[in-house]
Every structure is written in C-alpha cells, then in structure tokens.
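Asker: fold the stuff below for me.
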Amino acid sequence: MDFLSLAKQRYSCREFSNKKVEKEKIEKILEVARLSPTAVNYQPQRILVLQDKEKLLKLKECTRYGWNAPLIMITCYDKNISWKRKYDNKDEGIIDASIATTHMMLEAQDLGLGSTWIGYFDPEKTRKVYQIPENLVIVSLLAIDYPSENAKPSEMHDKRNPLESFVFWDSIE
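Answerer: Numbers count the residues shown, from 1 in each chain. Reported below is the predicted structural model:
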C-alpha cells in the first residue's frame, strides 16, 4: 500500500476484537520503533509492552481508556540520553518518542491492526503502577489489537482543514 493511502485509512480504533496479536506482528511494530529517526540518532525511546492480563487490568488505575485492548505499548524516552538543543536546552526526547509511536501506529495499520494513541493518562500513577524509573519520561500509551467488526472511524476523522489554513509559502504572514 502506498503511504498516502495508509495514512488516510488509519484511524483511532476504539473497538477491539480481543484477539491476541501475533508475536511476529508485535516484533514488526517494535522494529519500526527501532528504525524511527531520533535527534542525533541518540535513540532514547523506551517501550514497555504489556500483554499480561493482570498488568493490563492495572491500566484502569492510570486511565479510563484502553478499550480492553490485549496489547498496550507504553512509549517513553530516557531523559538522561535524549538530545537537548543548545540554544534553549529543549529536550527532543518527546519528539523522538512521538515519532516512534507514530511509526508504530502506521505499521499496525499496515499489518491489519487497529490502534489508538492514548494521551489521557496519569503519568505518575502509570510510573508507579508499572515501576517505570524516574529517568524515563512517559509520552504515550498505545492500544493495539485487531479492530472489532463494529469498529469505525469517528465522525470527525475525515474533517481536515485545507492546506491553505496551515501552510505558508516563504512567509508566515
């Protein structure tokens, strides 16, 4: 599938089939995270893969979302090794982890899986529940599974602003 078609087809899936995702597919999703571009190639992304039912149940302590997906990936970055911009010390780790998460979502779509980036979660509770060290900054929770037969994009999915509303040529005015 060409990339533009893949990007158009991908949506935030909120109804999963609860079919176990095959190890080979999980490994492909993790491989695209490994290959994701990072600032200065420092590769600070760290991913906690949750499949154990007891560990997945604890997710309810951290967020009301998750849609009972049998696979959750918690994407973090190691703030001790992420690149910081010298002009203002901006930590690029959040961008690196976000790129990795985006690549994982698109790979999941290409493999026939659905996914949803969960941004609504309590990071400190998540850190405590999953014993994530302080040097790792939690960026996203990614729910992944096969979409249920009833899964569909939200009504807002195809509503996109025109290019003219956010693209500027040669001047931002």
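Asker: in three-state terms, label the nearest residue to residue 135 once chain neighbours are set aside for me.
Answerer: Once flanking residues are discounted, residue 135 sits nearest to residue 80: 4.8 Å by CB to CB, 6 or more residues apart in numbering. C-beta here means a position set from N, CA and C on the backbone, and glycine is covered the same way. Of the three states, residue 80 takes coil under DSSP: H, G, I helix; E, B strand; the rest coil.
Asker: and the longest helix along the chain, what other elements does it pack with?
Answerer: Secondary structure assigned by DSSP state H gives helix 93-110 as the longest helix of the chain. Identification of packing neighbours for helix 93-110 by 3 or more CB pairs under 8 Å, 6 or more residues apart in numbering; DSSP states H and E yields helix 3-9, helix 23-35, strand 45-50, strand 71-78, strand 114-118, strand 136-145.
Asker: now those as CSV including distance to residue 153 and mean neighbour count?
Answerer: Formatted as CSV, the helices and strands packed on helix 93-110 follow (distance: least, CB to CB, whole Å; neighbours: other CB atoms under 10 Å):
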stretch, distance to residue 153, mean neighbour count
helix 3-9, 9, 11
helix 23-35, 21, 15
strand 45-50, 25, 20
strand 71-78, 20, 24
strand 114-118, 10, 22
strand 136-145, 15, 24
